[in-house]
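Undergrad: Have a look; sequence and predicted model below, questions after that.
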Amino acid sequence: MSNIPSEVPNPFRRRLLAGLAALPVVGATGPVLAQAGREYRIELVIFEHRTDESRRLQMELAAPREAALGESELGGRNYRSSRRGFELQRVVRRVEDSGAGRIIARLAWDQTGRDHASAPWLRVQQGRRLGLHDPVGPERGLSPRPLMVDREERFELEGRLRIWVGRFLHLETDLIYHVDEPMDDQPPRAITVRGSQRMNSGDDLFYLDHPVIGMIARVTRIDRS
């Protein structure tokens, strides 16, 4: 999922994955063929790994970065508020009880499946608020915008994601995770969390592995007759 090199899976992450695999999913109906134009409900749990490996990578690889934010908001026209809300609370409890993860976000929304070319990006701003900062131009940190532009609030996890439909459903992420707070007008350092995961709709939980940020997703088709 990431451009960070992978290592042998941490034992805490292995134990967490084993526990998640054992969770029953109530009311699911099995995988269905992905197709543009179908309606889907997405549930997503995002958490920080609390492991020695995660802390080491945060120290070694973090640098000042600017997030590319999506143009669509949760609760808007493209990403509508979920009809049934968030149902993966057992997953959240399992992550918290494992001691190896800290929950950053729990999200649920409904959307229409679109192909890669037309699927809009969802704006992600989750986790702790880190204060205001000056927006930057297209050089991503190299050229400040004019002073009349309002300052923007910075969040612990920022960027964009989208789910698009090809032969399968795909979850694509382009995020940054801030590993520290801004100090003395210096931008906080961040880790890149970027990648793509193929999924099906149905009863499976999909785990997007990353040494610092973990994501657990479920996709359910909601337009069956």
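TA: Received, thanks. Residues are numbered from 1 along each chain as shown.
Undergrad: how about the top strand by length along the chain as PDB, C-alpha atoms only?
TA: Secondary structure assigned by DSSP state E gives strand 152-165 as the longest strand of the chain. Extracted C-alpha coordinates of strand 152-165, given in PDB (Å, rounded to 0.1, in the frame of the first residue of the first chain):
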ATOM      1  CA  GLU A 152      -6.400  26.500   6.700                       C
ATOM      2  CA  GLU A 153      -6.600  24.100   9.600                       C
ATOM      3  CA  ARG A 154      -4.200  21.200   9.600                       C
ATOM      4  CA  PHE A 155      -5.200  17.700  10.900                       C
ATOM      5  CA  GLU A 156      -3.200  14.700  12.000                       C
ATOM      6  CA  LEU A 157      -4.300  12.700   8.900                       C
ATOM      7  CA  GLU A 158      -4.800  14.600   5.700                       C
ATOM      8  CA  GLY A 159      -5.100  14.000   2.000                       C
ATOM      9  CA  ARG A 160      -7.600  12.200  -0.200                       C
ATOM     10  CA  LEU A 161      -9.000   8.800  -1.000                       C
ATOM     11  CA  ARG A 162     -11.400   7.300  -3.500                       C
ATOM     12  CA  ILE A 163     -13.100   4.000  -4.400                       C
ATOM     13  CA  TRP A 164     -13.400   3.300  -8.100                       C
ATOM     14  CA  VAL A 165     -14.700   0.400 -10.100                       C
END
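Undergrad: which parts of it are buried?
TA: 154, 155, 156, 157, 158, 159, 160, 161, 162, 163, 164, 165 (16 or more other CB atoms under 10 Å). All C-beta atoms are positioned from the backbone trio N, CA, C, and that covers glycine.
Undergrad: for stretch 193-210, same thing?
TA: By 16+ other CB under 10 Å, the buried positions in stretch 193-210 come out as 193-195, 197, 199-201, 204-210.
Undergrad: wait, which of these is closest to residue 43?
TA: residue 205 (9.2 Å; CB to CB).
Undergrad: And the closest one, how far from residue 188?
TA: Residue 205 sits 31 Å away from residue 188, going by CB to CB, to the nearest Å.
Undergrad: for residue 132, same thing?
TA: Distance from residue 132 to residue 188, by CB to CB: 12 Å.
Undergrad: and for these two, which residues touch both?
TA: residue 154 (CB atoms under 8 Å, 6 or more residues apart in numbering).
Undergrad: neighbour count winner among these two?
TA: Remark: of residue 132 and residue 188, residue 188 carries more neighbours, 19 against 11, as counted by other CB atoms under 10 Å.
Undergrad: Make sure the more buried one is actually in contact with residue 181.
TA: Yes: under the criterion of CB atoms under 8 Å, residue 188 makes contact with residue 181 at 5.9 Å.
Undergrad: got any residues that touch both of these two?
TA: residue 130.
Undergrad: returning to what we had before: any chance of the buried residues of strand 152-165 in a markdown table, with pLDDT and distance to residue 67 too?
TA: As requested, the buried residues of strand 152-165 are exported to a markdown table (pLDDT from 0 to 100; distance: CB to CB, whole Å):
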| residue | pLDDT | distance to residue 67 |
| --- | --- | --- |
| 154 | 89 | 9 |
| 155 | 95 | 9 |
| 156 | 96 | 11 |
| 157 | 97 | 9 |
| 158 | 97 | 4 |
| 159 | 98 | 4 |
| 160 | 98 | 8 |
| 161 | 97 | 11 |
| 162 | 96 | 14 |
| 163 | 95 | 19 |
| 164 | 94 | 20 |
| 165 | 93 | 25 |
